[in-house]
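[1] need the 3D shape of this:
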Amino acid sequence: MSILDAIILGIVQGLTEFLPVSSSGHLAITQHILGWGGESNLFFDVMLHVGTLAAVIVFYRKLIWSLIKEFIAMVRDIFTGKFRWKEMNYERRLIVMLFIGLLPLLLMFVPIGNGMKLKDLADVFGASPVMIVPAVSLMVTSALLFIGILCNKRSCAYSPRHMKGSSSSGKGRESYTVLDAVCVGLMQVAAALFPGLSRSGSTLAVGEMRGISKQKALDYTFVLGIPAILAAALLEGLDAVKEGVAIEPLPLIIGVVVSAVVGYLAILIFKWFLKTDKMMIFVIYTAVVGVAMLVISIIELNMGINIFSQMPLK
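    A predicted model of the protein is given here:
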């Protein structure tokens, strides 16, 4: 991989990790256009996610620090018998809901046969030379975003104004329930399996469908992604070491730095689009790209070659 390739992929990752357009789907498409793929690229993808992880940690540093302090206080209260579920403040409730939202990730380790686990499907789809899965997943992302927008505009049937935790403006609840967290966690699992299904977009949409304020839903999905990305990086890193995957240090470092810087800017952009109710642009974009890639994939299957690199499909 050249340094230019690393910069391009770093920019793609940084922009698409937080914008609701799917980083995994766009990385798969970019790699397809560039004409290269394989296990080393899967590891490179995960490391680019680490770069954007750094961006979200920096952006939410105040919230993360307050959650760390509250977690320590919560553990102390649990061991001293002072913990009360009904008396939790916002930070403490968020911590509990984050733990609950992460539980569905255990499904990734469920065996599915032939020595494979559910998480291995992500590698299969990501390494495929055919872009049908990312294309369809992008269209699903578009549909979910559209439904989320409708739910938010109607304040969602799940979030009546009299419901505890609802905002006075009727724009949705400010805090998550156990069922909210489970629903978002399950969607995060789906997004981890299918390249093209945006994690930030789909989990945001589920939060809105459940009646959560769009800004609180976005904050939750970003913070929820921190341990998920760390776990994915650790697992992929261990697999790379075991399999002896060749890693080029300089392009890797450059790609990670670029993805971190661009990712921070993408968070600012996303929050602005959400605040100003301009999310429809992402609905249109993911639908157009998804349809275009589906058409291209059908053409490539009929021709038996990658129309960009002119290499045969393997």
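[2] what helix or strand does Ala292 sit in?
    In this structure, Ala292 is located in helix 280-303 according to DSSP states H and E.
[3] show me what that helix is packed against.
    The helices and strands touching helix 280-303, judged by 3 or more CB pairs under 8 Å, 6 or more residues apart in numbering; DSSP states H and E, are helix 132-153. From N, CA and C alone the C-beta is placed, and that goes for glycine too.
[4] sort out which residues of the helix it packs on are buried, please.
    Using 16 or more other CB atoms under 10 Å as the test for burial, helix 132-153 gives 132-142, 144-146, 148-149, 151-152.
[5] and stretch 271-287, which residues are buried?
    So for stretch 271-287, counting by 16+ other CB under 10 Å, buried means 271, 273-274, 279, 282-283, 285-287.
[6] before we move on, the earlier item: what does the helix holding Ala292 contact?
    Helix 280-303 is contacted by residues 19-22, 29, 130-132, 134-139, 141-142, 145-146, 149, 196, 198, 201, 273, 306-307, 313 when judged by CB atoms under 8 Å, 6 or more residues apart in numbering.
[7] pull the distance from that helix to the chain's centre.
    In terms of CA atoms, centre = their mean, to the nearest Å, the centre of helix 280-303 is set 20 Å apart from its chain centre.
[8] that one vs helix 132-153, what angle?
    Interaxial angle, helix 280-303 versus helix 132-153 (axes from the mean of the first three to the mean of the last three CA atoms, to 10 degrees): 160 degrees.
[9] using CSV, write out every CA atom in helix 280-303.
    Extracted C-alpha coordinates of helix 280-303, given in CSV (Å, rounded to 0.1, in the frame of the first residue of the first chain):
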residue,chain,number,x,y,z
MET,A,280,-32.3,14.2,4.6
ILE,A,281,-29.1,14.7,2.6
PHE,A,282,-27.7,11.5,4.1
VAL,A,283,-30.8,9.6,3.3
ILE,A,284,-30.5,10.6,-0.4
TYR,A,285,-26.7,10.1,-0.5
THR,A,286,-26.8,6.5,0.9
ALA,A,287,-29.7,5.6,-1.3
VAL,A,288,-28.0,6.9,-4.5
VAL,A,289,-24.6,5.3,-3.6
GLY,A,290,-26.3,2.0,-2.7
VAL,A,291,-28.3,1.8,-5.9
ALA,A,292,-25.2,2.8,-8.0
MET,A,293,-23.0,0.1,-6.4
LEU,A,294,-25.7,-2.5,-6.8
VAL,A,295,-25.9,-1.8,-10.5
ILE,A,296,-22.1,-1.8,-10.8
SER,A,297,-22.0,-5.1,-8.9
ILE,A,298,-24.5,-6.7,-11.2
ILE,A,299,-22.5,-5.5,-14.3
GLU,A,300,-19.3,-6.9,-12.8
LEU,A,301,-20.8,-10.3,-12.0
ASN,A,302,-22.0,-10.5,-15.6
MET,A,303,-18.6,-9.5,-17.0
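[10] where exactly do the strands run in this protein?
    111-113, 116-117 (DSSP state E).
[11] buried deepest among those strands, which one?
    For these, the stretch with the most neighbours on average is strand 116-117, a mean of 12; neighbours defined as mean count of other CB atoms under 10 Å.
[12] what sits up against that strand?
    The contact list for strand 116-117, computed with CB under 8 Å, 6+ apart, reads 108-111.
[13] which of those are buried?
    For the contacts of strand 116-117, a burial check counting by 16+ other CB under 10 Å picks out Met108.
[14] which pair in the contacts of strand 116-117 has the greatest spatial separation?
    Greatest spacing in these, by CB to CB: Met108 and Pro111 (11.1 Å).
[15] overlap in contacts, the two.
    117-118.
[16] quick revisit: adding distance to Asp219 and pLDDT, write the contacts of strand 116-117 out as CSV.
    Listed next are the contacts of strand 116-117 as CSV, based on distance: CB to CB, whole Å; pLDDT from 0 to 100:
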residue, distance to Asp219, pLDDT
Met108, 24, 90
Phe109, 28, 90
Val110, 29, 93
Pro111, 35, 92
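[17] that concludes my questions; thank you for your assistance.
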